[in-house]
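S.K.: sequence and predicted model, in that order:
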Amino acid sequence: MTQVIGKPIKRKEDPKLITGHGQFTDDIKLPGMLFATMKRSRYAHAKIKRIHTAEALKLPGVMAVYTGKDVQDKIKPIRSIWLVPGCNLIPKDRIPLAVDKVNYAGEAVAMVVAESRYIAYDALELIDVEYEELPVVVDQEAALAEAAPVIYDDVPKNIAFTWKAGDVPEEVFINAEVVVKQRLVEQRVIANPMETRGAVASYNPGSGDLTIWCTTQNPHIHRITYADALGIPETKLRIIAPDMGGGFGAKIAVYTEEALVGLAAMQLKQPVKWVEGRQEHFLATSHARDQVITTELAGTKDGKILAIRAKNIANLGAYLSTMGAGVPTIDFGLMVTGAYDIPYAQAETIGVYTNTTPTDAYRGAGKPEASFQIERMINIFADKIGMDPVEVRKKNLVAKVPYTNAMGCNYDSGDYHGTLAKALEAIDYVGLKKEQEEARKNGRLLGIGISTYVELCGLGPSKVAGAIGFGGGLWENSSIRVHPSGKVTIFTGASPHGQGEGTTFAQVVADKFGIPLEDIEFVSGDTLIISMGWGTYGSRTTPVAGGALSIAADRIVEKAKIIAAHELGVPLEDVEFAKGIFSIKEQPDQQRTFKEIAWSANNAWNLPDGMEPALEGQSFFDPPDFVYPFGAHICVVEVDPDTGMVELKRYVCVDDVGRIINPMIAEGQVHGGLAQGIGQALWEQSVYSDKGQLLSGTFMDYAMPKARFFPMIESSFIESPSPVNPLGAKGIGETGTTAAPSVIVNAVIDALAPYGVKDLPMPLTPEKVWKAIHERSDGQ
Ligand code: MCN
């Protein structure tokens, strides 16, 4: 057996998926299954005067129509899991169906359950809702104005909470040689996994068991929340996450539709399915980012940064989503200093309710926003003092780890300067600067962008998570069952949905036991089979669930070794284990294979006295700290002055994500994250009209990145094992979205430098870039 950790093994899960044999939520078909559809509000803010359902109920095949009044006593509002202690949060929980008032366009007001999907959609047309329109506010800054419409009477000025971390003494700014200040807008974006959301509920009236298959990144969190909302014991609710076509953070949130189909299945005593259409996804699945960040940076003329002070006005949408409060506070605030040794830092957030779809996590969740503001500020500061942005980074990058930032985060491992040096060399920064100089002489707009990002991942140590408002633990559970034949099944409480842990976790176990990868199966996403787990997000699965897996495997090897020593008739210390073979140290030909011991452990007639049979191991791993992946990303863009088009010519990234289990999967994660990060920088934006209508509610209007817009990504890794988990791995799932937006914007602003452009808000569409060039060159 050769070692498989670190090898670019092809994903074990792919043959099933690419040959069409996956089982996604919509593939689940149960006898007698009914279909649910949601009537959604066309208004962003309106009183509901009456809902007429009689005509819909008359349609043949319609089994039931539910309104908010019908369900308000049967399903409790869905509570947010992240409440941010010590702040004045007024939570407005999602309610299953609006009762008296709708607060965003797309909010569900009624549910139809019918014999077929078509009938269920037709019936929606027959429901007539009488509304009385109310004034609308969609922008968070506008929502804070004195005269702004108020969404909730008990939420003055629409302020859901104010929050602050860190403190910068005023004198630092007063006495600083240089102070720069910039308003930066993280526009609203919408995660678009290939598979939209969906749920199938099946109820057994005899036993009272309710099973819900649904698109969730964290089935156990969904189980706790839906059991509470439906008023049934957790033990009577089974949540299964089948194959999933991505989540990207949008399937962390606990929504209301799953609880509604659960209720319908219980009441009608027939299985009920609901699957979201794409347009419905745009309207009703959580949106993300939407933060207006004003950052001030104090520094010296020779490029040393003394303090950073960020104020974030975050649009929460109409309700507090599951992690709605956590994203713009903790996730953002703890990372405002980025990868730099900055003595003072302060982050303030105002969370604001508006008449828009609730916002929640999207790949990176708060960290892309934090990274964007610090990386843009470094370039703005560099421009102000006339220094190369690379030099400013070199002056301020963390010099040595472990390092504790001004917010108390402990950066765990790695060489920040070495990583930057590697990226600069890979792109030939010196040569590139010369090329840019020449290009500028010929009127070509070549720009270079850089980011030396860091992010907090591997959520996380429960003690810290609890203290900062996460309403649960953030440890993870993995267990390993060795079957009598020596084949192995891995179970984990994390719930991957495209990331590839079916392969990487098998690689870990294959190496631990010295068995072939083909002998290992991977199971996740079923609350009945798997002990409590906290799910997949925050690039936590490998560091936390992988840590648990490693410990569980070691426990099994320990026990197997005792059995081997017993069978070989020697003391334990005389047995060594390598590559799947237990052997006597001085007599290596005296041996037992892992497979043989698996049989012995189960065929228990000859076990050591007092030893329990079977070979299973489990660990509930609560890591001592977060992990901090970081890296240096540099890109080259060329702007066409006639059209404003931005062409991405090169993208080099060097990432340190600790020990890498599978470099091919790791690279895939980098590519995917970059596509989304670059998508945010250049194309994606969720746009509302003043009336609260989502104008970018289809793929005709919402510009998704396309493969042809990207050059080959030049990706490489440096591996500095993290000391906070037994695998030494840091998370990689979010590096691209965290790094890329600032890299691209820094590059485009650099390209536009000859026109005196200092900043432009994302996305950098051709129109915006063209106007920046022409309005300035026209002297406007
Ligand atoms: N990996 C590795 N070596 C490391 C770190 C990770 O080989 N040092 C591998 C892992 O074992 C896993 C993959 O890379 O196969 C990602 O692992 P990890 O960084 O632990 O992240 P998670 O599995 O926790 O995934 C979460 C992260 C997030 S937060 C979002 S959002 C996201 C993402 O990953 N959503 C995704 N990647 C996605 N990829 C797909 N295809 N679909 C999504 O919805």
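M.R.: Structure's in. What do you need? Residues are numbered from 1 along each chain as shown.

S.K.: use CA for all of it now, contacts and neighbours both
M.R.: Will do.

S.K.: if I read this right, Phe626 contacts Leu459, doesn't it?
M.R.: Yes: the criterion here is Cα atoms under 8 Å, and Phe626 meets it with Leu459 at 6.1 Å.

S.K.: next, count neighbours for Ser722.
M.R.: 24 (other Cα atoms under 10 Å).

S.K.: what's the answer for the one 5 residues further on, then?
M.R.: A count of neighbours around Leu727, defined by other Cα under 10 Å, yields 23.

S.K.: state the distance from it to Tyr416.
M.R.: 21 Å (Cα to Cα, to the nearest Å).

S.K.: check what contacts stretch 96-111 and list those residues.
M.R.: Contacts to stretch 96-111, defined as Cα atoms under 8 Å, 6 or more residues apart in numbering, come from residues 36-49, 65-69, 71-72, 75-78, 151, 256-257, 259-260, 280, 283-284, 318, 355-357, 692-694.

S.K.: centre of the chain to that stretch, how far?
M.R.: 27 Å (Cα atoms, centre = their mean, to the nearest Å).

S.K.: quick one: end-to-end distance for it.
M.R.: Per Cα to Cα, stretch 96-111 runs 10 Å from first to last residue.

S.K.: report the contact partners of Lys559.
M.R.: By Cα under 8 Å, 6+ apart, the contact list for Lys559 reads Leu615.

S.K.: can you tell me the SS state at it?
M.R.: Secondary structure, DSSP: H, G, I helix; E, B strand; the rest coil: Lys559 is helix.

S.K.: pull out the buried positions in the helix or strand bottoming out on mean pLDDT in the chain.
M.R.: Evaluated with mean pLDDT, DSSP states H and E, the helix-and-strand set of the chain has its lowest mean pLDDT in helix 462-467, which scores a mean of 85. By neighbour count on 16 or more other Cα atoms under 10 Å, the buried set for helix 462-467 is Ser462, Lys463, Val464, Ala465, Gly466.

S.K.: now do stretch 764-775
M.R.: Quick answer for stretch 764-775 (16+ other Cα under 10 Å): Leu764, Thr765, Pro766, Val769, Trp770, Lys771, Ala772, Ile773.

S.K.: for the helix or strand harbouring Cys635, packing partners?
M.R.: Here Cys635 sits within strand 630-639, counting by DSSP states H and E. Applying 3 or more Cα pairs under 8 Å, 6 or more residues apart in numbering; DSSP states H and E, we find strand 630-639 packed against helix 416-427, strand 445-454, strand 646-656, helix 735-751.

S.K.: and the angle from that strand to helix 735-751?
M.R.: 40 degrees (axes from the mean of the first three to the mean of the last three Cα atoms, to 10 degrees).

S.K.: given strand 630-639, what are its sheet partners and their directions?
M.R.: strand 445-454 (antiparallel), strand 646-656 (antiparallel) (DSSP bridges).

S.K.: so the residue of the stretch 301-450 of the chain found nearest the ligand, which of the three states?
M.R.: Nearest residue of the stretch 301-450 of the chain to the ligand (Cα to the nearest ligand atom) works out as Arg363 at 3.5 Å. Of the three states, Arg363 takes coil under three-state DSSP.

S.K.: start at 50, not 1
M.R.: OK, 50 is where the count begins now, so the last one is Arg412.

S.K.: quick check: domain ranges of the chain?
M.R.: Annotated domains of the chain cover 63-183+243-295+300-333, 336-508+674-826, 524-670 [automatic domain parsing].

S.K.: output the ones you listed as JSON lines; include the columns distance to Gln189.
M.R.: Output for the domains of the chain, formatted as JSON lines (distance: least, Cα to Cα, whole Å):
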{"stretch": "domain 63-183+243-295+300-333", "distance to Gln189": "14"}
{"stretch": "domain 336-508+674-826", "distance to Gln189": "5"}
{"stretch": "domain 524-670", "distance to Gln189": "26"}
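
S.K.: can you lay out those domains as JSON lines showing mean pLDDT?
M.R.: Listed next are these as JSON lines, based on pLDDT from 0 to 100:
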{"stretch": "domain 63-183+243-295+300-333", "mean pLDDT": "96"}
{"stretch": "domain 336-508+674-826", "mean pLDDT": "97"}
{"stretch": "domain 524-670", "mean pLDDT": "96"}
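
S.K.: closest one to Lys213 among those domains?
M.R.: Of all the domains of the chain, domain 336-508+674-826 sits nearest to Lys213, with 4.3 Å by Cα to Cα.

S.K.: now do the closest one: distance to the chain's middle.
M.R.: The answer for domain 336-508+674-826 is 16 Å, by Cα atoms, centre = their mean.

S.K.: from memory Ala594 sits against Ile529, does it?
M.R.: No: using Cα under 8 Å, Ala594 makes no contact with Ile529, being 12.0 Å away.

S.K.: neighbour count winner among the two?
M.R.: Ala594 (34 against 25).

S.K.: and the nearest residue to that one once chain neighbours are set aside, what does it touch?
M.R.: The shortest distance from Ala594 to any non-neighbouring residue, by Cα to Cα, 6 or more residues apart in numbering, is to Glu525 (5.1 Å). Shown in contact with Glu525 (Cα under 8 Å, 6+ apart): Thr541, Gly542, Ala543, Met581, Gly582, Trp583, Val593, Ala594, Ala597, Phe669, Phe670, Asp671.

S.K.: run through the bridge partners of Glu525.
M.R.: Applying DSSP bridges, one finds that Glu525 bridges with Phe670.

S.K.: Gln266 and Gly547, how far apart?
M.R.: 10 Å.

S.K.: swap in Tyr751?
M.R.: 23 Å.

S.K.: just to revisit the earlier point, most tightly packed of the strands paired with strand 679-688?
M.R.: strand 494-503 (a mean of 28; mean count of other Cα atoms under 10 Å).

S.K.: hey, C-alpha coordinates of the strand or helix carrying Ile427 in PDB?
M.R.: Taking DSSP H and E as the definition, one finds Ile427 inside helix 416-434. What follows is helix 416-434 as a C-alpha-only set of coordinates in PDB (Å, rounded to 0.1, in the frame of the first residue of the first chain):
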ATOM      1  CA  LYS A 416     -14.700  37.000   5.300                       C
ATOM      2  CA  PRO A 417     -14.800  38.000   1.600                       C
ATOM      3  CA  GLU A 418     -16.300  41.300   2.900                       C
ATOM      4  CA  ALA A 419     -13.600  41.800   5.500                       C
ATOM      5  CA  SER A 420     -10.900  40.800   3.000                       C
ATOM      6  CA  PHE A 421     -12.200  43.100   0.400                       C
ATOM      7  CA  GLN A 422     -12.200  46.200   2.600                       C
ATOM      8  CA  ILE A 423      -8.700  45.700   4.000                       C
ATOM      9  CA  GLU A 424      -7.200  44.700   0.600                       C
ATOM     10  CA  ARG A 425      -8.800  47.700  -1.100                       C
ATOM     11  CA  MET A 426      -7.700  50.000   1.800                       C
ATOM     12  CA  ILE A 427      -4.100  48.800   1.400                       C
ATOM     13  CA  ASN A 428      -4.100  49.800  -2.200                       C
ATOM     14  CA  ILE A 429      -5.800  53.100  -1.500                       C
ATOM     15  CA  PHE A 430      -3.200  53.800   1.200                       C
ATOM     16  CA  ALA A 431      -0.400  52.800  -1.100                       C
ATOM     17  CA  ASP A 432      -1.700  55.200  -3.700                       C
ATOM     18  CA  LYS A 433      -2.000  58.000  -1.200                       C
ATOM     19  CA  ILE A 434       1.700  57.700   0.000                       C
END
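
S.K.: break down the stretch 550-699 of the chain into its strands, ranges please.
M.R.: Under the criterion DSSP state E, counting those that start in this stretch, the stretch 550-699 of the chain contains strands at 569-573, 624-627, 630-633, 640-642, 664-670, 679-688, 695-705.

S.K.: what distance separates the shortest one from the centre of its chain?
M.R.: Centroid separation for strand 640-642 versus its chain: 44 Å, with Cα atoms, centre = their mean.

S.K.: packing partners for it?
M.R.: Going by 3+ Cα pairs under 8 Å, 6+ apart, strand 640-642 lies up against strand 630-633.

S.K.: show me what the strand it packs on is packed up against.
M.R.: helix 595-617, strand 624-627, strand 640-642.
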